[in-house]
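In: got a structure for you, letters missing:
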């Protein structure tokens, strides 16, 4: 791991760790704040789930992913989880902000910019391959290499087939010449025999 990643991951993860711990500690406030989203999520689930349980799950996932990301364990997966929770926080804070005063509108704008910055950071982290090719890149190049190998094998087979066809054509030509020579010889002998009979 490079020095930049070693420093940047804990710095970026710290905000999510603190936010996740706060959500777990104040599950009632979190459930109230996230209630529009959590109500829809609870209705979509096949089993009956309390909104507080979902709020705790969001807090726990944010805390756990933040810790994993800060430690550099499963960084792409944890960054993806943090991106989802960050998008959720951005939406909820934007919706629930008080905009009745100029100070409230300014706070809403500042909060939105902060959340979007964090979202951008974890989105970048979720595609960071730590200097190694990604699975998608490896898959594409594996397919391209397989295609090249297949084309080479096809060309070699075509070349072998072409040579075999050429050899068969040469043999057929040689056989045809021999047959032609045999027919001419037989015709000469027949003509000679006929002239002997007639004379």
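Out: It's in. These figures come from a predicted structure and were not determined experimentally.

In: residue contacts, residue 161?
Out: Contact partners of residue 161, counting by Cβ atoms under 8 Å, 6 or more residues apart in numbering, are absent. C-beta coordinates here come from the backbone N, C-alpha and C atoms, glycine included.

In: and the helix or strand harbouring it, average pLDDT?
Out: Per DSSP states H and E, residue 161 falls inside helix 135-198. Averaged over helix 135-198, pLDDT sits at 76.

In: can you give me the offset of that helix from its chain's centre?
Out: In terms of Cα atoms, centre = their mean, to the nearest Å, the centre of helix 135-198 is set 47 Å apart from its chain centre.

In: Check stretch 114-121 too.
Out: Per Cα atoms, centre = their mean, the centroid offset for stretch 114-121 relative to its chain is 23 Å.

In: Give the buried residues for it.
Out: Applying a neighbour-count criterion of 16 or more other Cβ atoms under 10 Å, one finds 115, 118-119, 121 buried in stretch 114-121.

In: how close does residue 168 sit to residue 179?
Out: 16 Å (Cβ to Cβ, to the nearest Å).

In: Residue 164 too?
Out: 22 Å.

In: returning to what we had before: could you dump the buried residues of stretch 114-121 into JSON lines and include secondary structure and pLDDT?
Out: Output for those, formatted as JSON lines (DSSP: H, G, I helix; E, B strand; the rest coil; pLDDT from 0 to 100):
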{"residue": "115", "secondary structure": "helix", "pLDDT": "80"}
{"residue": "118", "secondary structure": "helix", "pLDDT": "83"}
{"residue": "119", "secondary structure": "helix", "pLDDT": "83"}
{"residue": "121", "secondary structure": "helix", "pLDDT": "83"}
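
In: Excluding sequence neighbours, find me the nearest residue to residue 75.
Out: residue 69 (5.7 Å; Cβ to Cβ, 6 or more residues apart in numbering).

In: Next, find the distance separating that neighbour from residue 147.
Out: Distance, residue 69 to residue 147, by Cβ to Cβ: 37 Å.

In: more crowded one of these two?
Out: residue 69 (28 against 10; other Cβ atoms under 10 Å).

In: Point me to the helix or strand that includes that one.
Out: Per DSSP H and E: helix 51-71 holds residue 69.

In: do residue 128 as well
Out: Taking DSSP H and E as the definition, one finds residue 128 inside no helix or strand.

In: Distance of it relative to residue 54?
Out: Counting by Cβ to Cβ - residue 128 and residue 54 are separated by 29 Å.

In: Of the two, which one has the most company?
Out: More crowded of residue 128 and residue 54, by other Cβ under 10 Å: residue 54, with 21 against 16.
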